[in-house]
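>>> Need a 3D model of the sequence below.
(chains A and B)
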Amino acid sequence: MPLRILRRPATAALVVAALSAVCFGLLDAAPGDPAASVLESRSGGRPPSPAAVAELRGEMGLDDPPPVRYWRWASHAVRGDLGTSYMSGRPVTDTLGDTVPWTLLLTAAAILLSFTAALAVGLVAALTRRAWLRRGIDLLLFAMGGMPGFVVALLLLYAFAAATHLMPSGGVSRPGEPVTAYGLLAHLALPACALAFGHHFGVYVRLVENGVGRLRDAPHVQNARVRGLPRRTVVARHLMRPGLVPFTARLGVGVGTLIAGVYATEVIFSWPGMGREAITAARAQDYPLLIAIVLVTGLIVIAANLAAELIVAALDPRARTGRADAA
Amino acid sequence: MVTAGPTATDPTTTGLTVSGLTVDVPGRRVVHGVDLAVPAGRVLALVGPSGSGKTLTARAIAGLQPHGGTVLVGGRAPLRGRDVGYAFQDALASLNPTVTVRRHLTETVKAHGTGDPGTALARFGLDPGLAAAHPFELSGGQAQRVALALATVHEPPVLIADEVTTALDPVTQATVLDLVRAQARDRAVLLITHDLTAAARWADDIAVMRDGRIVEHGPAERILGDPESDLARELVAAATAEVPPVGEAAAVGEGEAVSVRGLRRVLRSRRRTTVALDGADLAVRPGEAVAIVGRSGSGKSTLVGALAALDRPDGGSVLRGGADVWALRDRERRAVRRRTGLVFQDPLASFDPRHTVRQAIAEAGPYDDDLLRYVGLDPAMAARRPGTLSGGECQRVAIARALAQKPDVLLADEPTSGLDVLTEQRVLRLLTALRRDHRITIALVTHDLRVARRVADRVVVLHAGRIVEDLPAHALDSASHPETRRLLDATALTGKWA
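Okay, here's the model as predicted:
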């Protein structure tokens, strides 16, 4: 077991390296010329002369073969230098420092919300003997299954901000006011909900519901009942612990799905995270910034997967010994 | 009607008293007023064919099943979990795979404030170190003993053992039932079983159940020596039935229908390598029936896989009609497989649950109503799904399916181990008929020497991947190898037979 756990970070490092290389290659293969974009924006939209473009390409080192450029980028990156933005000229790490915490905050809030709600709704669906309650949950999930995150976001905006003014519609504080804990929480609520209750939410509810429901009459649960254990123990240890393994195993993937929606949500709610930066950087072919954003996103997903694996291993000893069939 | 045993005691003393117990499932009543008395210090075996309501009765007593009538332990209504310990049929499935044996034991002790995990394990011959293991790390016999230790750790006055040895080989079965028997020193033990020979050996009293009613209830000696009810007579007859003389069933031809030479098979998993077969030699003549007998883990099922030309051996050869099947071309080898009928221990698992009986058979060969008639089933069953059939019916459908592919060799892996004796007899008679009517060669894997004697001309005993005994079925009693003796002792009709 210790060996297996040590092996994970090593694998993760390899994945990050591969991710950066693939990303670098893809951006390189994309049409367009970063040097031309930069000149165009400096001159206010006028097409630059080919000579100027060629000169800037030389300055930016874009004429070197891709492996050379990748090596240059990577050798700086391992020392913590992710380069400077083509457009703003700011060090990429500064931009990340300003935006990543906001994105992390929003993501973490959404994950917490999404997974605890899925756990609660799923357990109710699995354990209730009331048919109408189960049917109601089915209907709700069915409706949510058809709604992408940005639709949820717009609905929430309309219902809680535009129509009723119950909640702030965007940003992290009222204009001109400092950020306070309470104000932040209020501003966080809508984007976090929009991100948490997208169409993927139903999948997690189902994983909980099926995982736990399947075991409701399993022999080992009956055995726990027949031994006269307190209901609390029967449900928590004998029903939930083995029943939540499929759900937990999916958490890592779930974080990935959730993060895919975070940038759109940030733009809709004017959240000062990486979202806006990512979209402008992609449009302007601001490669250093774009690669950094992709890498940070990848790191978050990898960390989430690692955490999920550790939780599964803690829940289910079969996962520790590498036994395939987690029943 | 109910014959109250002479051992029925005053219900105010210790022990289990059940009166007028009824159990309903949606739409109908399946247990009709059962009366039982198990005094402390005695073992009562509740015996009956599948579907007779034994397990529902036991579950009702344990408080797992809503019921009518009264259940008293020591003259009082039992507290659920405290007064009745219950060991399930499938021990492994009755343990939570994610927590250790110790956790199972201590949570029970904690819930009732009494008992000692170490004592409970030791009582069933288990090392205290086993407490650290997770259920999936246990062998079948260990899991069953852990389940029994768990059922008795808090010292309940009543222990119910529900078919606890069905899946175990006879040697392990004898060990486990000896330990269950020893429990009767301190408590009342209710042993649920479909195996009258097990009841005869390990119970003081026997209650015979059919269709939700107790048809006979009394001391074991009396029921075995002088059964009063039809069912008891049938069960006793099935258990003591004479072995059919060899040669009556079918003429055995010359040469070899299927054989293996120096067969070696190594099973590799992530954690260990097991030599399942270590130079096994076996030749089966056309029309012959050979029983392959051995304990769990002796390599029986691996041998079947090799005989079926499904698993490529690591050494040695598998011959069909004299030709090495692994030297054949793929297409010819598939033809060999088509001429091999397979019948498994769990027939239900070998059917696609969405198929009807007709579809399941048609997959193997052209469907014909006569196939179902031949195995003793109503052709009207063709439209039903396997899940709606009883275990015996399912196994007969499996045989009909094997027949549909017109096999010359039939391989049967524990075809009757989940069936009660009466159903078992019908299936075994059917196998004998197959040899007589279709001249099919049969290789039958079983851990039950009684089954082997009844079906086979010849018995081979497998031990640790080698064939250690090979003799005619009628000469089995003169076997000399210690492993054969152990198996014979474990299945012998000992106890209270007249």
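>>> Let me see the mean pLDDT of whichever helix in chain B runs longest.
The longest helix of chain B (DSSP state H) is helix B:421-438. Taken as a whole, helix B:421-438 has a mean pLDDT of 84.
>>> So which bits of that helix are buried?
B:421-428, B:430-435, B:438 (16 or more other CB atoms under 10 Å in any protein chain shown). C-beta: built from backbone N, CA, C; applies to glycine.
>>> With stretch B:450-465 instead?
Applying 16+ other CB under 10 Å to stretch B:450-465 flags B:450-463, B:465 as buried.
>>> What's the end-to-end length of that stretch?
With CA to CA, to the nearest Å applied, stretch B:450-465 spans 22 Å between its terminal residues.
>>> Tell me which residues of stretch A:107-121 come out buried.
Here stretch A:107-121 shows A:107, A:109, A:110, A:111, A:113, A:114, A:115, A:117, A:118, A:119, A:121 as buried, counting by 16+ other CB under 10 Å.
>>> Quick check: the fifth one vs residue A:156, distance?
Using CB to CB, to the nearest Å, one gets 13 Å for the distance from residue A:113 to residue A:156.
>>> hey, what's in contact with both of those two?
residue A:193 (CB atoms under 8 Å, 6 or more residues apart in numbering or on different chains).
>>> Distance check, the residue of the stretch 51-200 of chain A found nearest chain B against residue B:27.
Per CB to the nearest CB, residue A:129 is where the stretch 51-200 of chain A lies closest to chain B, at 14.1 Å. Taking CB to CB as the measure, residue A:129 and residue B:27 are separated by 19 Å.
>>> what does residue A:294 give?
Residue A:294 is 62 Å from residue B:27, by CB to CB.
>>> In terms of neighbours, single out the busier of the two.
residue A:294 (20 against 6; other CB atoms under 10 Å in any protein chain shown).
>>> check contacts around the more buried one.
Here residue A:294 is in contact with A:19, A:20, A:23 (CB under 8 Å, 6+ apart).
>>> isn't the first one right up against residue A:298?
Yes - taking contact to mean CB atoms under 8 Å, the distance of 4.7 Å between residue A:19 and residue A:298 places them in contact.
>>> number of nearby residues for the residue of the stretch 51-200 of chain A closest to chain B?
Quick note: residue A:129 (other CB under 10 Å) scores 6 neighbours.
>>> Could you do residue A:132 as well?
Applying other CB under 10 Å, I find that residue A:132 has 8 neighbouring residues.
>>> which ones are touching it?
Residue A:132 touches nothing, counting by CB under 8 Å, 6+ apart.
>>> Mind listing what's buried along whatever helix or strand it lives in?
Counting by DSSP states H and E, the element that carries residue A:132 is helix A:131-145. For helix A:131-145, burial by neighbour count (16+ other CB under 10 Å) applies to A:134, A:137, A:141, A:144.
>>> quick check: angle from the helix or strand that it is followed by to helix A:131-145?
Using DSSP H and E, the helix or strand that follows helix A:131-145 in sequence is helix A:149-156. Helix A:149-156 runs at 110 degrees relative to helix A:131-145, counting by axes from the mean of the first three to the mean of the last three CA atoms, to 10 degrees.
>>> what mean pLDDT does the helix or strand just after helix A:149-156 have?
Sequence-wise, the next helix or strand downstream of helix A:149-156 (DSSP H and E) is helix A:181-196. Average pLDDT, helix A:181-196: 85.
>>> re the thing from before, please name every helix or strand in contact with the longest helix of chain B.
helix B:230-240, strand B:289-294, helix B:391-404, strand B:409-413, strand B:441-446, helix B:449-455 (3 or more CB pairs under 8 Å, 6 or more residues apart in numbering or on different chains; DSSP states H and E).
>>> Out of those, which is closest to chain A?
By CB to the nearest CB (comparing all of these), the closest turns out to be helix B:391-404, at 18.1 Å.
>>> list the helices and strands the closest one packs on?
Against helix B:391-404 (3+ CB pairs under 8 Å, 6+ apart) you get strand B:340-343, helix B:357-362, helix B:369-374, helix B:421-438.
>>> need these in JSON lines with distance to residue A:306, can you?
Output for the helices and strands packed on helix B:391-404, formatted as JSON lines (distance: least, CB to CB, whole Å):
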{"stretch": "strand B:340-343", "distance to residue A:306": "45"}
{"stretch": "helix B:357-362", "distance to residue A:306": "46"}
{"stretch": "helix B:369-374", "distance to residue A:306": "57"}
{"stretch": "helix B:421-438", "distance to residue A:306": "53"}
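>>> Helix, strand or coil: sort out the residue of the stretch 51-200 of chain A closest to chain B for me.
Classification of residue A:129 by DSSP: H, G, I helix; E, B strand; the rest coil places it in coil.
>>> Quick check, pLDDT for residue 6.
All of this is about chain A. With respect to pLDDT, residue A:6 has a value of 61.
>>> hmm, I had chain B in mind actually
Confidence score, pLDDT, at residue B:6: 41.
>>> Show the contacting residues for the residue nearest in space to the middle of chain A.
Among the residues of chain A, the one closest to the centroid is residue A:259, at 2.2 Å (CA atoms, centre = their mean). Applying CB under 8 Å, 6+ apart to residue A:259 gives the contacts A:107, A:297, A:300, A:301.
>>> quick one: the residue in the stretch 1-150 of chain B that chain A sits nearest to and residue A:216, what's the gap?
Closest residue of the stretch 1-150 of chain B to chain A, CB to the nearest CB: residue B:81 (1.5 Å). From residue B:81 across to residue A:216, the span is 18 Å (CB to CB).
>>> Between the two, tell me which one has more neighbours.
Between residue B:81 and residue A:216, counted using other CB under 10 Å, the more crowded position is residue B:81 (22 against 13).
>>> near chain B too, which of the buried residues of helix A:131-145?
Near chain B, taking CB under 8 Å from any CB of the partner chain as the test, no member of those is found.
>>> Could you list the domains of chain A?
A:19-77, A:95-320 (automatic domain parsing).
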